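Participant: Please work out how this folds:
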Amino acid sequence: MLRDYDLNLLTVFDSVMKLGSVSKAADKLGMTSAAVSQNLSRLREQVGDPLFIRQGRGLQPTQYALNMHKHVAEGLSAIRFGLETDAGFDPATSKREFIIGGQGYFDLVVLPPLLQKISDIAPHITVNLKSYEDDHFTPSQVLSEREADLFLAALPISHPSIVTTQVAEEALVVVYAKNHPRLGSTLSFEQFFAEKHTALTSRRFGNYLFSSLVDQVLPARRVHYQSESMLNLMATASVTDLLCFTPKRLAICGRRNWVYRSNLCRLKSARFRLLCAGIKPNSKIKG
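Facilitator: Just a heads-up that it's a prediction; the model follows:
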């Protein structure tokens with residue numbers, strides 16, 4: 001029965017699952033490693049499963065632990081949310097951890113300015129960005145199972161229990177190598193479509209992301225390399241004669257290695273929109 005379980009054991013279990021280490025969990029919880037290990041031993045006895053198997057320097061969760069953690073994480077998140085809601089969320093004193101889901105390149109363009117702003121108004125809050133595929137099922141599943149508080153995406157997430165808000169917008173630019181054999185300091189519309197291209201694939205829409213970001217009919221591109229990673233595409237464009245479309249801020253991060261141009265006047269509708277999705281209040285959804 002529930003009263004037979006010590007909720008403190010579950011918070012320890014949750015931290016070890018997320019960090020993969022007894023010592024890291026101890027640091028986060030303000031406990032000794034011995035105390036964390038003791039709590040895990042008590043929980044193992046209660047559930048009748050080893051929960052973790054030592055692998056190298058880390059811990060590998062058992063299948064039972066993986067299944068159990070889905071429910072534990074959701075329950076602890078609901079408890080924390082309920083306590084902070086009732087008490088009134090105070091960013092100046094809150095020690096809450098916010099988990100943000102999304103693809104890895106958001107680490108470069110979104111998190112640095114966000115963390116700076118958070119440190120000014122909420123110095124004790126921590127942010128954890130988890131990398132997930134932006135496919136048809138993952139965003140709603142991640143949010144419904146409380147694996148993340150928010151999900152960052154470039155395309156809308158269609159689900160009746162998820163609200164999506166645009167939080168930023170910027171120009172898309174063309175990235176190509178500094179020593180490109182045919183392109184110099186300018187790039188025309190015709191030159192753009194005459195060259196070979198890279199393409200970021202969109203699992204959610206079953207096409208190239210570029211096609212989903214423009215609302216005009218364009219000539220077909222000659223795609224010679226496609227990937228699910230924008231960073232891989234830019235790295236490839238920097239050492240080949242391929243072109244790559246990318247958000248301007250992401251291109252600026254690597255401008256020492258490649259050239260970027262944004263003077264495609266007939267592609268004014270090509271914009272990169274940063275969307276933030278979360279579960280609507282009081283919604284209960286299944287992925």
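Participant: The stretch 101-250 of the chain: strands as residue ranges?
Facilitator: For the stretch 101-250 of the chain, applying DSSP state E, counting those that start in this stretch gives strands covering 126-131, 150-153, 162-176, 196-202, 207-208, 222-227, 244-247.
Participant: helices or strands up against the last one?
Facilitator: In this case it means strand 244-247. Applying 3 or more Cβ pairs under 8 Å, 6 or more residues apart in numbering; DSSP states H and E, we find strand 244-247 packed against strand 162-176, strand 196-202, helix 230-237. Where C-beta positions appear, they are placed from N, C-alpha and C, glycine not excepted.
Participant: Partner strands of the first one, with direction?
Facilitator: Strands that pair with strand 162-176, judged by DSSP bridges, come out as strand 244-247 (antiparallel), strand 259-261 (antiparallel), strand 271-279 (antiparallel).
Participant: For the last one, which residues meet the burial criterion?
Facilitator: In other words, strand 271-279. 272, 274-279 (16 or more other Cβ atoms under 10 Å).
Participant: Farthest-apart pair in the residues you listed, please.
Facilitator: Largest separation among the buried residues of strand 271-279 by Cβ to Cβ: Phe272 and Ile279, giving 24.5 Å.
Participant: closest to Asp90 out of the helices and strands packed on strand 244-247?
Facilitator: Closest of the helices and strands packed on strand 244-247 to Asp90 is strand 162-176, at 22.8 Å (criterion: Cβ to Cβ).
Participant: Which parts of the closest one count as buried, going by neighbours?
Facilitator: For strand 162-176, burial by neighbour count (16+ other Cβ under 10 Å) applies to 162, 164, 172-176.
Participant: Please apply the same query to stretch 96-111.
Facilitator: By neighbour count on 16+ other Cβ under 10 Å, the buried set for stretch 96-111 is 96, 99-103, 105-106, 108-111.
Participant: low-confidence ranges in this protein?
Facilitator: Residues of the chain meeting the criterion pLDDT under 70: 1-5, 78, 80-88, 136, 202-216, 261-270, 282-287.
Participant: And the helices in it?
Facilitator: 7-19, 22-29, 33-47, 63-87, 106-109, 111-121, 138-144, 189-194, 209-213, 230-237, 248-253 (DSSP state H).
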